[in-house]
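Colleague: Below: sequence and its predicted model.
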Amino acid sequence: MKNIFKISTVLFIGVSLVVSSCKKEEVLIDGCTDITAMNYKDLATNNDGSCEYAYDNAQGLWSIFSVCDDLVISIPLVGDFPVPLNDMFPESIEITGEEYGVVSMDISGENVLADVSYDGAVTIQDDQKISLDTGDFGVVDVDITGSGKIETATNGDLTLNLAFDVPLAGTQTSSCEITFSK
């Protein structure tokens, strides 16, 4: 009986060693494994070099298409003056890096700074201004606020809120939906 117990114990240990020594082959899942990348894949186990970063994607020459709310400047006893905001934006904007996470958009020769987060969210920084020619009222300073998102390396969107300080009419506001593409 002692021999059966010894033999059983030796067999059990031997089989256990053989089974435990078999390596399980790890299945590799290709993808971006950097959590700060726009295209991070949480199931990826093998970084395949495909990571895309919002800050890098934001930079370059972008074609833009703008759809702005109508702006009509009303001056009591004088009348209403329509201002065609869609015509005020250029057909393209150059975006350059200032420092990591901050870009500069060249809008008609004036730089507007924006923060770009790792997930592609874009926020216009405080106290950004440009000058626009309103036609009848000449060139006026425009306060710009807004936010948007860089969706991919070739497209994104931005909502700009514009506040004009117009002589005799006070502050006038409008918003523009801007679509970016490369």
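Modeller: Yes, it's here. Numbers count the residues shown, from 1 in each chain.
Colleague: For this protein, just list every one of the helices.
Modeller: 2-21, 54-58 (DSSP state H).
Colleague: The protein: strands as residue ranges?
Modeller: Applying DSSP state E to the chain gives strands spanning 30-31, 46-47, 60-68, 71-75, 79-83, 92-99, 102-107, 110-116, 121-124, 128-133, 139-152, 155-166, 170-181.
Colleague: pretty sure S147 is touching T123, no?
Modeller: Yes - at 4.8 Å, S147 counts as touching T123 under the criterion of CB atoms under 8 Å. The C-beta positions use only the backbone N, C-alpha and C, and glycine is treated the same way.
Colleague: mean pLDDT lowest for which of the helices of the chain?
Modeller: Among the helices of the chain, helix 2-21 carries the lowest mean pLDDT, at a mean of 57.
Colleague: Determine the number of other residues adjacent to E91.
Modeller: By other CB atoms under 10 Å, the residues close to E91 number 8.
Colleague: go on, V102?
Modeller: Taking other CB under 10 Å as the criterion, the count of residues near V102 is 14.
Colleague: need the contact list for it.
Modeller: 113-116, 125 (CB atoms under 8 Å, 6 or more residues apart in numbering).
Colleague: what does G31 give?
Modeller: By CB under 8 Å, 6+ apart, the neighbours of G31 are 39, 41, 43-44, 46-48, 50.
Colleague: how far away is it from Y40?
Modeller: 8 Å (CB to CB, to the nearest Å).
Colleague: Ok, V116 next?
Modeller: For V116, the distance to Y40 - CB to CB - is 16 Å.
Colleague: what does Y118 give?
Modeller: Using CB to CB, Y118 is found at 9 Å from Y40.
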